[in-house]
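J.: Fold the following and give me the result.
(one chain, ligands or ions: 1)
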Amino acid sequence: MLIKIKQGWEIPESRATPESVFHNRRDLLKAMGMGSLLAVGSGAAPALAAAATADPDPSAGLYPVKRNETYTLDRPITDEKLSTTYNNFYEYSDDKDLADAAQQLKIRPWTLAIDGMVEKPMTIGIDDLLKQMPLEERLYRHRCVEAWSMAVPWSGFPLKAFVAMAKPLSGAKYLQMTTFQDPKMAPGQKSFFYPWPYIEGLTMEEATNDLAFLVTGMYGHPVPRQDGAPLRLVTPWKYGFKSIKSIVKFSFTDKRPVSFWQKLQSSEYGFWANVNPEVPHPRWSQATERVLGTGERKPTLMWNGYGEHVAHLYDGIKGERLFT
Ligand code: MTE
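T.: Numbering: from 1, shown residues only. Below is the predicted model:
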């Protein structure tokens, strides 16, 4: 059993989080006498039955895939039990304990739309996409803006391979990604105070950087629903909220996307969200992180340790909040 004695300077984890935005808004709504509308926001529909009956993932036979040894870790891989039971997926709950509820997510059929500034807009089913993409495994660190971290063997393919398939026009400057929207299978989406659907974005330079990875599996299996099945992003040099889950749409655009958290609280969450231990969140320090599983406090690394791959992307960008 892990017992962690909090230092005086540490704020409780429940407050060091996009979650706290939720609670602030919840308090506000309660004060306005609108508390009853919040019930759906907890997303805690008893889903144990759903967990038992969720359809198996038809892509299971593709895994495990060969590891790309370029990316190494400075710490042990996080126990799979932890990274698949301690999650952020607000479509299901504002609590971390949402794995059962997320089994309501129906992962087939699953179609991806590719639109906006591309040679030819198209749709493609996830299984057809999996046949075309170069699957590999990568070990990446993950640093949540809430100051916890984990290390995961993700399977998937480089986002740049997907971008090449999509054939964006030369004028496209950004890639906007969108999560499904279906309140019937994601009770959290009944909450009107969240700006659904979840949206995230990258510049084209970021999207075609070697590190940007589209995840379809983890620990040698298909990625589970609670971790963003059947397709999610990971950008390990950025805070974890950039890693949008259960993507259904990729839009190429010349307008900078406004992400979910940015819409909710732009004073705290911005477009870039790069990891920098020296730039505190407005309400807490980002200097250290709590390692999931051991509870150890480790110093957070600049660019989460991935500077050699990505620091150059930001040369010459002035007057922008690169680290929030
Ligand atoms: N994507 C969607 N669609 N909805 C979410 O609530 N949470 C984000 C990100 N992607 C989120 C999401 C946050 S805050 C984090 S830290 C990571 O997913 C968590 O990924 P994990 O649950 O696999 O650890």
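J.: where does the single nearest residue of the stretch 101-250 of the chain relative to the ligand land on pLDDT?
T.: Proximity of the stretch 101-250 of the chain to the ligand (C-beta to the nearest ligand atom) peaks at Gly240, 2.8 Å away. For glycine as for every other residue, the C-beta is placed from the backbone atoms N, C-alpha and C. Gly240 is assigned a predicted lDDT (pLDDT) of 98.
J.: can you check the one 10 residues further on too?
T.: At Phe250 the predicted local distance difference test score is 99.
J.: now swap in Ala54 and tell me
T.: As predicted, Ala54 sits at a pLDDT of 85.
J.: Tell me the residues of the stretch 151-300 of the chain that contact the ligand?
T.: Contact residues, the stretch 151-300 of the chain versus the ligand (C-beta under 6 Å from any ligand atom): 179, 198, 227, 240-241, 243-246.
J.: Show me where this protein has its strands.
T.: Counting by DSSP state E, the chain has these strands, from start to end: 111-116, 122-125, 136-143, 148-158, 174-179, 199-203, 213-218, 221-222, 232-234, 247-253, 288-291, 297-299.
J.: before we move on, the earlier item: what about the residue of the stretch 101-250 of the chain closest to the ligand, how many residues close to it?
T.: 21 (other C-beta atoms under 10 Å).
J.: Distance check, it against Arg143.
T.: Distance, Gly240 to Arg143, by C-beta to C-beta, to the nearest Å: 6 Å.
J.: what do you get for His221?
T.: 23 Å.
J.: out of these two, which sits in the more crowded spot?
T.: Per other C-beta under 10 Å, whichever of His221 and Arg143 has more neighbours is Arg143, with 23 against 16.
J.: wait, isn't that one in contact with Ala287?
T.: No: taking contacts as C-beta atoms under 8 Å, Arg143 lies outside contact range of Ala287: 12.0 Å.
J.: Would you reformat the strands of the chain as a markdown table and include distance to Ala102?
T.: Formatted as a markdown table, those follow (distance: least, C-beta to C-beta, whole Å):
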| stretch | distance to Ala102 |
| --- | --- |
| strand 111-116 | 19 |
| strand 122-125 | 21 |
| strand 136-143 | 18 |
| strand 148-158 | 17 |
| strand 174-179 | 12 |
| strand 199-203 | 19 |
| strand 213-218 | 14 |
| strand 221-222 | 14 |
| strand 232-234 | 12 |
| strand 247-253 | 15 |
| strand 288-291 | 23 |
| strand 297-299 | 28 |
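J.: To Glu320, which of those lies closest?
T.: Minimum separation from Glu320 across these (C-beta to C-beta) falls at strand 199-203, 11.2 Å.
J.: Quick one: list the elements packing against the closest one.
T.: The elements that strand 199-203 packs onto, with contact taken as 3 or more C-beta pairs under 8 Å, 6 or more residues apart in numbering; DSSP states H and E, are strand 174-179, helix 260-264.
J.: re the thing from before, for Leu105, which of the strands of the chain is the nearest?
T.: Of all the strands of the chain, strand 174-179 comes closest under C-beta to C-beta, at 10.4 Å.
J.: Export the closest one to CSV, keeping only CA atoms.
T.: What follows is strand 174-179, C-alpha atoms only, in CSV (Å, rounded to 0.1, in the frame of the first residue of the first chain):
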residue,chain,number,x,y,z
TYR,A,174,-2.4,23.3,-38.3
LEU,A,175,-3.9,19.9,-37.7
GLN,A,176,-7.0,19.9,-35.6
MET,A,177,-8.1,16.6,-34.1
THR,A,178,-11.6,15.9,-32.7
THR,A,179,-13.0,13.2,-30.3
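J.: what does it contact?
T.: Applying C-beta atoms under 8 Å, 6 or more residues apart in numbering, the set of residues contacting strand 174-179 from outside is 91, 116, 159, 163, 168, 197-204, 207, 233, 244-257.
J.: hmm, try it at 6 Å
T.: 197-203, 207, 244, 246-247, 249-253, 256-257 (C-beta atoms under 6 Å, 6 or more residues apart in numbering).
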